[in-house]
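Engineer: Below is the sequence, then the predicted model.
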Amino acid sequence: VPTEVVDIKGVKILKHQLEHNGISYFKMYFAVNGLSEQELSELSFLTGLFGKLDTDKYTAEKLTNMIRKTYGTIDFFVDTFAAADRSDSCDIKLGVAFSTLTKDAEEAVDLAVHIMLHTKLDDTNAITDILRQTQTELYQRTIAAGHAVAFGRLYAQSDASGVVSECCGGIAYQQWLKTIDASKGFGFLGELFEEIIGTEGLVVSITGDVADNTVKAVESVIGQFPKKAKAAKTAVIAPWGASAEGIAIPAGVAYSAMGGNFGAHGGKYSTRLQLAAHIIGLNYLWNAVRVQGGAYGTGFLVRKTGYCGCWSYRDPSAAASLESFRASGEVLKKIMESGIDLTGSIIGTIADISPLLTVRMKGEKADAMYFEGVSYEDMCSRRKELLESTCEDIAEIAGLVDSVLKNGGICVVGSREQIDGCRDITNIITL
């Protein structure tokens, strides 16, 4: 993806010029490192209010109409970036992303900034309604997609990025939402925003048709933000450490996950680890957990910052699946010792890590490469390593997988009966 970096008034602009029929994709990344876990939850809730409340100029109804008229999509979010094998810390960003017709870029950027700076937080009833709706949506997600929730808990145990994700949308976030006393108002959200917002460290990404007016649109609004944040936040976000958890929900099936930080066991990220994950998922877990165990889905996940582990979806027996997970390293070693042809698995792994991308997604990938310090040469080197993988190479990874799974964390989302049937679970959370 072509990337040109320019500096305007101290703000980095990432220009990804890709033909896209007069449509431009914008992303603004504000640096918000140093927030505590509670402040991350507060900021995440605030992003869910943007675009849904009155502003100084518009009623919520008028604003909704303007958003529909101006944007294809608009989203406010909290995100993280971290280099490979960097699990102890991450860079945290408050972001806004939107698409618009290139000719309307100035209007679109101005409206997005207006929403961020001028949303009114004094309508307690409206915010309380959004709070309740958010709680309901997250609870329903936990029941319908518990495997993602279980993975999120383990990710937080082993990776700082996972902690941020948990505080901004996981079980930790759900627990924080319950502590909010709406009768005291929501002014604290505005106070936090005023403390942390500033253009120092701001990066703006423009993908698609990067015309002169798109860059000028960004330049015209930079001065609306303070240069430096009012308060210097110094909290440190760190992984929680491995534990065995159960999250009780009213469901007959369960969702289970087991995993940990491979860096803590001497491992380094490589595409060969992704290849091992592909083999474990299709050559072992599919049969052991899905076909024989009856789960609706299963797999093995790897994150470049340090996490790897197994998961199951709509599982009739979480306890049986956890036992199958524990054997993954040993089974992988036996598969490699049999000398199987890796060609199909290598092709499948390439498909997993290099999917087809839309123009918007190409821009997002280029942004991630910029923040994580990944070059095109790095990507080529990783691809070459994958293509040259042998059974002997993957066999060496088997011991790492075995160590991570047998010493990592566990999370089971399901009924109390399912949770009680799993050994070693010491902490049970009831939603």
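Structural biologist: Okay, I see it.
Engineer: Which residue of the protein lies farthest from its centroid?
Structural biologist: Within the chain, Ser338 marks the point farthest from the mean C-alpha position, 36.9 Å out by CA atoms, centre = their mean.
Engineer: List the contacts of Thr64.
Structural biologist: Gly51, Lys52 (CB atoms under 8 Å, 6 or more residues apart in numbering). Any C-beta I mention is one placed from the backbone N, CA and C, and that applies to glycine too.
Engineer: Does it lie in a helix or a strand, and which?
Structural biologist: Element membership of Thr64, judged by DSSP states H and E, is helix 60-70.
Engineer: Only C-alpha atoms, please: export that helix in CSV.
Structural biologist: C-alpha atoms of helix 60-70 as CSV (Å, rounded to 0.1, in the frame of the first residue of the first chain):
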residue,chain,number,x,y,z
ALA,A,60,-29.5,14.7,18.3
GLU,A,61,-32.2,14.3,15.5
LYS,A,62,-30.6,17.0,13.3
LEU,A,63,-27.2,15.5,13.9
THR,A,64,-28.3,12.1,12.9
ASN,A,65,-29.6,13.4,9.6
MET,A,66,-26.4,15.3,9.0
ILE,A,67,-24.3,12.2,9.7
ARG,A,68,-26.4,10.2,7.2
LYS,A,69,-26.0,12.9,4.6
THR,A,70,-22.2,13.5,5.1
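Engineer: For the closest residue to Tyr370 other than its chain neighbours, grab phi and psi.
Structural biologist: Nearest non-adjacent residue to Tyr370, counting by CB to CB, 6 or more residues apart in numbering: Leu14, 6.0 Å away. Dihedral pair for Leu14: phi -100, psi 110, per degrees, to the nearest 10.
Engineer: Leu14 contacts Val210, correct?
Structural biologist: No. Assessed by CB atoms under 8 Å, Leu14 is found out of contact with Val210, at 9.6 Å.
Engineer: Can you give me the buried ones in stretch 354-370?
Structural biologist: For stretch 354-370, the neighbour count (16 or more other CB atoms under 10 Å) marks Val359, Arg360, Lys362, Gly363, Glu364, Lys365, Ala366, Asp367, Met369, Tyr370 as buried.
Engineer: For the fifth one, what is the enclosing helix or strand?
Structural biologist: Of the helices and strands defined by DSSP H and E, Glu364 is found in helix 359-372.
Engineer: I'd like to know which elements that helix is packed against.
Structural biologist: strand 11-17, strand 23-31, strand 74-81, strand 91-101, strand 203-208 (3 or more CB pairs under 8 Å, 6 or more residues apart in numbering; DSSP states H and E).
Engineer: sorry, back to before: what are the buried residues along the helix holding Thr64?
Structural biologist: Leu63, Met66, Ile67, Thr70.
Engineer: pretty sure the first one contacts Asp56?
Structural biologist: No. Taking CB under 8 Å as the contact criterion, Leu63 and Asp56 are not neighbours in contact, 10.9 Å apart.
Engineer: Show me where the stretch 151-300 of the chain has its strands.
Structural biologist: Using DSSP state E, counting those that start in this stretch, the strands found in the stretch 151-300 of the chain span residues 203-208, 244-248, 254-261, 297-302.
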